[in-house]
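Enquirer: Below are the sequence and a predicted model; questions follow.
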Amino acid sequence: MVEMVIGVILYLAVIAFLGFLGYKRTQNATDYLLAGRETHPFVMALSYGATFISTSAIVGFGGMAALFGMGLLWLVFLNIILGIFVAFVCFGNRTRLIGYHLGAHTFPELLGKRYGSRFIQIAGGAMIFASMPLYSAVVLKGGTHFIEIYLSIPYNVALISFTLLISAYVITGGLKGVMYTDALQGTIMFIGMLFLLVFAYVSLGGISGAHETLTAMADMVPEPLAAKGHAGWTSMPVTGSEWWWVLVTTIIMGVGIGVLAQPQLVVRFMTVKSRRELNRAVLVGGIFILFTAGVVYVVGSLSNIFFFRQSGQLAVAAAGGNIDKIIPLYIAEAMPSWFVVVFTLTLLAAAMSTLSSQFHAMGTSLSRDIYQQLVPHTGKDNTVKLARMAIIVGIIVVMALGWVLPASIIARGTAIFFGLCTSTFLPMYLLGLYWRGATRAGAISGMMFGISGSVFYLLFIHIKESSALGICQTLFGVPSLASFPWIVIDPIVIIFPLTFLITVVVSLFTSKPEKELLDKVFGRD
């Protein structure tokens with residue numbers, strides 16, 4: 001416990017210093033919203049990765065790996081190919097250039113100015129502020145669960161303390177404070193995950209021995225899970241089964257594709273000054289994802305060996321059925337005490353890096369994209385003040401959700417938010433970057449369909465949400481209006497392609513943007 005206290009105090013001292021440094025170097029709205037547009041590529045890559053890989057990935061998806069097995073490693077593959085390489089190379093530089101030429105400081109503002117539409121900026125900001133608290137709350141729950149388990153602190157006390165700690169440097173330091181602390185937190189996460197992988201394999205008999213043991217445990221899959229398609233922890237579920245659809249469409253595709261339209265990640269591209277910085281950041285980002293998400297998915301699967309040897313139970317049973325507690329419980333019981341200190345700092349870093357970026361994104365959406373658009377006379381001089389006030393509002397909403405959300409919600413909450421962003425933003429974002437023919441009417445049509453279609457699917461089709469919410473049951477007397485496999489196919493598989501198609505078709509039959517706007521976006525012919 002003494003080592004824990006010393007480690008946490010030192011960590012918080014450095015975080016406080018970096019937050020103060022961000023505060024001192026924040027002189028204007030561009031500094032507060034975009035870190036001055038001159039961020040070092042190493043800092044940008046670590047900030048991007050640390051924001052992406054949160055306690056949702058470590059605790060929530062690590063727990064899902066204990067349940068589903070190593071099939072989640074396909075998500076790591078997509079995260080690196082789409083979330084890093086495609087995002088940086090294909091989206092990053094165009095986003096940076098257009099954001100600079102249009103004077104955009106937030107993701108909704110980028111989209112709104114690209115299409116010459118205040119409505120898009122306001123609606124985009126409203127969608128972010130309305131839905132991001134769910135994602136933020138599940139990240140907050142992930143960090144709080146570990147603090148609760150290891151430090152034996154009541155959940156509510158841990159929740160409040162954790163939130164206030166992050167709030168301090170986000171509100172004062174803006175995006176500079178966030179990115180400075182992200183770089184440190186990303187470094188800690190990388191080191192912590194590397195140690196975790198080594199210790200997990202050593203304690204379980206080496207790489208080949210651990211994998212052979214886990215493969216041999218396939219006949220221990222509980223009958224209810226086997227009936228849904230579970231084929232063991234080193235195999236994909238049976239193709240076409242319920243669990244195959246969930247793993248492939250919700251977890252792998254939902255999060256793997258959804259990363260391309262994450263507001264708190266897109267804004268990172270606008271913080272660097274040239275394509276060169278983005279290209280240099282690709283390698284750092286790819287290695288970071290491999291040694292964070294990849295490690296925890298492997299260790300989550302292998303935790304079944306440890307718990308079975310210790311108690312004769314699989315990981316889910318040992319955690320009392322709450323998959324969000326599997327990784328914290330495994331660390332607390334399987335790892336040496338000194339490593340628990342390291343992992344505590346790793347988890348704190350993961351949660352704080354993601355939450356700080358989310359708080360910042362929610363605050364700027366409410367202040368700059370909604371309030372300042374609806375009440376334009378507030379003026380640019382008040383941007384930083386309004387953003388700080390809006391961040392406080394967002395933090396209060398997130399903390400309230402952290403109290404009421406149910407157990408085992410972390411991975412699912414993440415997938416819902418990623419899916420909403422994909423269906424709502426990705427079509428008009430991608431087309432806006434590369435197609436001169438994308439119109440305001442097309443973007444608005446796609447955006448509205450993406451939001452409404454996703455909500456309809458969650459309320460009346462996708463059984464996980466429709467049965468839990470009960471609206472479909474109340475109105476129609478059934479938990480879902482569809483049958484298998486549609487009830488387990490994630491909304492992103494249906495809504496995203498339709499949103500893309502609607503955006504294209506409407507754009508083809510509506511008036512094109514003004515030439516002056518297109519010249520700013522694409523350059524003069």
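Expert: That came through, no problem. Predicted, not measured: the structure shown is a model, and the values here were computed from it.
Enquirer: measure the nearest residue to residue 440 once chain neighbours are set aside to residue 499 for me?
Expert: Closest residue to residue 440 apart from its sequence neighbours, by CB to CB, 6 or more residues apart in numbering: residue 115 at 4.5 Å. Every residue, glycine included, has its C-beta placed from N, CA and C. Separation of residue 115 from residue 499 (CB to CB, to the nearest Å): 15 Å.
Enquirer: Pull the number of nearby residues for the residue nearest to residue 440.
Expert: Other residues lying near residue 115 total 25 when counted by other CB atoms under 10 Å.
Enquirer: same deal with the one 4 residues further on?
Expert: For residue 119, the tally of surrounding residues (other CB under 10 Å) stands at 15.
Enquirer: thinking it is in contact with residue 445, fair?
Expert: No. Counting by CB atoms under 8 Å, residue 119 sits too far from residue 445 to count as a contact (11.8 Å).
Enquirer: Next, give phi and psi for residue 479.
Expert: Main-chain torsions, residue 479, degrees, to the nearest 10: phi -70, psi -20.
Enquirer: show me what contacts it?
Expert: The contact partners of residue 479, taken as CB atoms under 8 Å, 6 or more residues apart in numbering, are 463, 466, 467, 472, 473.
Enquirer: By neighbour count, which of these wins?
Expert: That'd be residue 466 among the contacts of residue 479, by other CB under 10 Å, with 22 neighbours.
Enquirer: Which SSE is immediately downstream of the worst-scoring helix or strand of the chain on mean pLDDT?
Expert: None of the helices or strands of the chain scores lower by mean pLDDT, DSSP states H and E than helix 55, at a mean of 68. Next along the chain after helix 55, taking DSSP states H and E as the criterion, comes helix 62-68.
Enquirer: What are the contacting residues of that next one?
Expert: Under the contact criterion CB under 8 Å, 6+ apart, helix 62-68 has outside partners 72, 230, 233, 237, 243, 247, 251, 296-301, 303-304, 314-316, 319, 323-327, 408, 410-411.
Enquirer: how about a cut-off of 7 Å?
Expert: For helix 62-68, the external contacting residues (CB atoms under 7 Å, 6 or more residues apart in numbering) are 72, 243, 247, 251, 296-297, 299-301, 303-304, 315-316, 323-324, 326-327, 411.
Enquirer: what about the strands in the stretch 101-250 of the chain?
Expert: Counting by DSSP state E, counting those that start in this stretch, one finds no strands in the stretch 101-250 of the chain.
Enquirer: Which stretches in it count as helices?
Expert: Using DSSP state H, counting those that start in this stretch, the helices of the stretch 101-250 of the chain run over residues 107-114, 118-151, 155-203, 206-216, 223-227, 242-245.
Enquirer: Which of these has the highest mean neighbour count?
Expert: Mean neighbours per residue, mean count of other CB atoms under 10 Å, is largest over the helices of the stretch 101-250 of the chain for helix 107-114, with a mean of 26.
Enquirer: How much space separates residue 64 from residue 314?
Expert: Plainly put, residue 64 is 14 Å away from residue 314 if you go by CB to CB.
Enquirer: neighbour-wise, which of the two wins?
Expert: More neighbours surround residue 64 than the other of residue 64 and residue 314, with 30 against 22 (other CB under 10 Å).
Enquirer: Can you list the low-confidence ranges for the stretch 251-400 of the chain?
Expert: The stretch 251-400 of the chain contains residues with pLDDT under 70 at 377-381.
Enquirer: if you set the cut-off to 80 instead, what comes out?
Expert: Along the stretch 251-400 of the chain, the model assigns pLDDT under 80 to residues 324, 337-354, 376-384.
Enquirer: got a pLDDT number for the residue nearest to residue 373 when sequence neighbours are not counted?
Expert: Nearest non-adjacent residue to residue 373, counting by CB to CB, 6+ apart: residue 122, 5.0 Å away. Residue 122 is assigned 95 on the pLDDT scale.
Enquirer: what does residue 43 give?
Expert: 83.
Enquirer: Residue 265 contacts residue 48, correct?
Expert: Yes. With contact defined as CB atoms under 7 Å, residue 265 and residue 48 form a contacting pair (6.0 Å).
Enquirer: who has more neighbours, those two?
Expert: Comparing residue 265 with residue 48 by neighbour count (other CB under 10 Å), the higher total belongs to residue 48, at 33 against 22.
Enquirer: For the more buried one, grab phi and psi.
Expert: When read as degrees, to the nearest 10, the backbone of residue 48 gives phi -60, psi -50.
Enquirer: Now do the same for residue 39: helix, strand or coil?
Expert: Secondary structure assignment for residue 39 (DSSP: H, G, I helix; E, B strand; the rest coil): coil.
Enquirer: Please report the number of neighbouring residues for it.
Expert: Per other CB under 10 Å, the neighbour tally for residue 39 reads 24.
Enquirer: Skipping adjacent residues, who's closest to it in space?
Expert: Nearest residue to residue 39 in three dimensions, chain neighbours excluded: residue 271, at 4.2 Å (CB to CB, 6+ apart).
Enquirer: hang on, isn't that neighbour packed against residue 41?
Expert: No. The criterion here is CB under 7 Å, and residue 271 misses it with residue 41 at 10.2 Å.
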